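[1] after the sequence you'll find the predicted model.
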Amino acid sequence: MIKRYAAIFIGSDKCEIIVGQRGKGTVNILDRANYPIDFGYQSFNQRRIDITSVYSLCRILNTYIEIARGYDVESVDILFTSTLREAKNRRYVLEQIKSSTGCEVRLLEQEEEIGMIYKYAMLKCAPLFTEDFLAEGILLASIANGHTSSAILKEGIIDFYQVQKLGYLRLREMFSFMEARAENSEGLMEAYFGVSLKETVAELKDRKIPHMIVVAREAEGMAKLCGLEDKKPYHKISRGAFDALYQEIRGLSPNQLARKYPFLDKNSAEIIKHSLIFYLKLLDDTKIEGLILVHLNVCDAMVQAKLGITREQGLKEWLDDCTLALVRRMGQRYGVDQAHSAAVEKLAGKIFDSLKKRFNLGRRERTLMTLAVWLMDMGRFVSQGRGDAINHVLVAHSDIIGLSEADKRIVGAILDGLRVEPFDETRLEKDLSAKQQIMAAKLIVILKLAVALDKSHQQKISRIQCRVEGTTFIVTARSTENIQLEAYFFDACLGSIAEVFGLQARLIIKREKI
């Protein structure tokens, strides 16, 4: 168990390090430092990061690594997020950093970043989450450098989620353009936010959700502008306080804001008004009376995730539950047979459990298989003729919190391969690594067997027992009904299980008394 840890985050306008130590039920910060950089401007405007800037960054990183070693940390993580994701030369930047510092830099994917932010918000706001508070419903939003996301929590679990490319850097560039060319730039901003928030607002229309939590990097500055001086994990700010602040700062340029409020740095002054307009539009459209503002610091979130082991495990399980809830709802929208999916999930789970030890299947494989179960046949909602070939496209372009791009590719490959007869492993080769192809093939075969056992979509089989005896895989199914159709399609899968698992499968049918 790691006790001391250093997190280094390379953001759009600063590179930051935090050194943390696990205490009794808490995380103690031993040191923190940051250095200004301009990677955000380069990445979002030039679509590449200058090599001279990379050299400067490497000097900063080497200094931070020495600081971390001075504290005798057991682990150091260096993260990039949207700033590098947007750069066309990101591979070369990562290679330059590795060769200059000897350290790997991890490029955090968008869904991973948002997942980490949401877990951090749930941790910071934990004192608020009474049973009644969660039951009433929550709108959870975050604003990062490259994106804005919104999620609706029902009974504490996310069941709606949307991501927009509306991060700080994009907003800053867009609204600088608007301010230079439009007489009523603030009204133009409001209209733009209204269009961007349309789907989230429509989802909230019949829900009457009273609570909103927003995670944002300018939260402390915004709270201070609203007259809240103390640093806290979160700030409750009323609609009236935001209205009063807006009247006070509307029409002021970033330079004028910085002069009027010296505690605002240059970057905060540039984004504070845009963020305020966003909050007000969100409050207007959702009819919520105020919001809870949480300060976003990715480095702090990294430290909490690494050192808060007990709480982190609980938050990870919460995020897994949210992922499944979103996928189930997605399946409903695409007309997936829910009763069939529930039956297949149960049958596939039994088959999976009987094979997992022998064939190196673990929790991640089980999770991906379960997610695929609830999206089966969704492509047919779009096209009856080519439905099986576009499942992966629908998954790849859906906002599913907790799923990385690699996970989406695997789930999409499973869905596309599930209905292909006979099993064709060559269809997995395009987008998956060799290791991922093997994983996907195993899960496809397990699901093929499970789907066969409910081929009629009538849940005729009450339960199954599975066991491996040498090279034979025996499935005993119990039913009171005629399952000739299921038996036929189970036999059609025999070649698939023999090819992927090297097992000869047998189905034994036992009749139950009515």
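    Sure, I can see it.
[2] and Met369, how far from Lys408?
    Counting by C-beta to C-beta, to the nearest Å, the separation of Met369 from Lys408 is 14 Å. (Glycine included, C-beta is placed from N, CA and C.)
[3] can you give me every residue that contacts Cys103?
    Cys103 makes contact with Leu61, Ile65, Val76, Ile78, Ile97 under the criterion C-beta atoms under 8 Å, 6 or more residues apart in numbering.
[4] could you give the backbone dihedrals for Leu153?
    phi -100, psi 130 (degrees, to the nearest 10).
[5] could I get the contacting residues of it?
    When contacts are counted by C-beta under 8 Å, 6+ apart, Leu153 is found next to Leu134, Gly137, Ile138, Leu139, Leu140, Asp159.
[6] quick revisit: more neighbours, Met369 and Lys408?
    Legend: neighbour count by other C-beta atoms under 10 Å for Met369 and Lys408, higher for Met369 (27 against 21).
[7] are we agreed that that one is in a helix?
    Yes. Counting by DSSP: H, G, I helix; E, B strand; the rest coil, Met369 falls inside a helix.
[8] so it touches Ile446, yeah?
    Yes. Using C-beta atoms under 8 Å, Met369 is in contact with Ile446, at 6.6 Å.
[9] what's the overlap in contacts for the two?
    Between them, Met369 and Ile446 share the contacting residues Ala348, Phe352, judged by C-beta under 8 Å, 6+ apart.
[10] packing partners for the helix or strand hosting Gln256?
    For Gln256, the element it lies in under DSSP states H and E is helix 254-260. Contact analysis of helix 254-260 by 3 or more C-beta pairs under 8 Å, 6 or more residues apart in numbering; DSSP states H and E lists helix 266-286 as its packing neighbours.
[11] got the buried residues for the helix it packs on?
    Going by neighbour count (16 or more other C-beta atoms under 10 Å), the buried part of helix 266-286 is 267-283, 285-286.
[12] repeat that for stretch 289-309.
    Neighbour-count burial for stretch 289-309, counted by 16+ other C-beta under 10 Å, picks out 290-308.
[13] check the secondary structure at Lys24 for me.
    The three-state assignment at Lys24 reads coil, by three-state DSSP.
[14] give me phi/psi at it?
    Backbone dihedrals for Lys24, given as degrees, to the nearest 10, come out at phi -80, psi 100.
[15] could you do the one 4 residues further on as well?
    Recorded main-chain torsions at Asn28 are phi -100, psi 130, according to degrees, to the nearest 10.
[16] run the chain-centre distance for the helix holding Gln256.
    Relative to the centre of its chain, helix 254-260 is centred 36 Å away, using C-alpha atoms, centre = their mean, to the nearest Å.
[17] buried set for it?
    Taking 16+ other C-beta under 10 Å as the neighbour-count basis, helix 254-260 is seen to contain the buried residues Pro254, Leu257, Ala258.
[18] how about the contacts made by Leu453?
    Applying C-beta under 8 Å, 6+ apart, one finds that Leu453 lies in contact with Leu347, Ile461, Ile464, Val475, Ala477, Glu486, Phe490.
[19] quick check: which element contains Cys15?
    strand 14-22.
[20] quick one: strands adjacent to that strand?
    The strands beside strand 14-22 in its sheet (DSSP bridges) come out as strand 4-10 (antiparallel), strand 27-36 (antiparallel).
[21] looking at the ones you listed, spot the one closest to Ala498.
    Shortest separation from Ala498 across the strands paired with strand 14-22 is recorded for strand 4-10, at 47.5 Å, computed as C-beta to C-beta.
[22] using PDB, list the CA coordinates for the closest one.
    As requested, the backbone C-alpha atoms of strand 4-10 are provided in PDB (Å, rounded to 0.1, in the frame of the first residue of the first chain):
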ATOM      1  CA  ARG A   4       3.700   8.700  -0.200                       C
ATOM      2  CA  TYR A   5       2.800   9.800  -3.700                       C
ATOM      3  CA  ALA A   6       3.500  12.600  -6.100                       C
ATOM      4  CA  ALA A   7       1.100  13.700  -8.800                       C
ATOM      5  CA  ILE A   8       2.300  15.900 -11.700                       C
ATOM      6  CA  PHE A   9      -0.300  17.500 -14.000                       C
ATOM      7  CA  ILE A  10       0.500  19.200 -17.200                       C
END
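[23] appreciated, that's everything.
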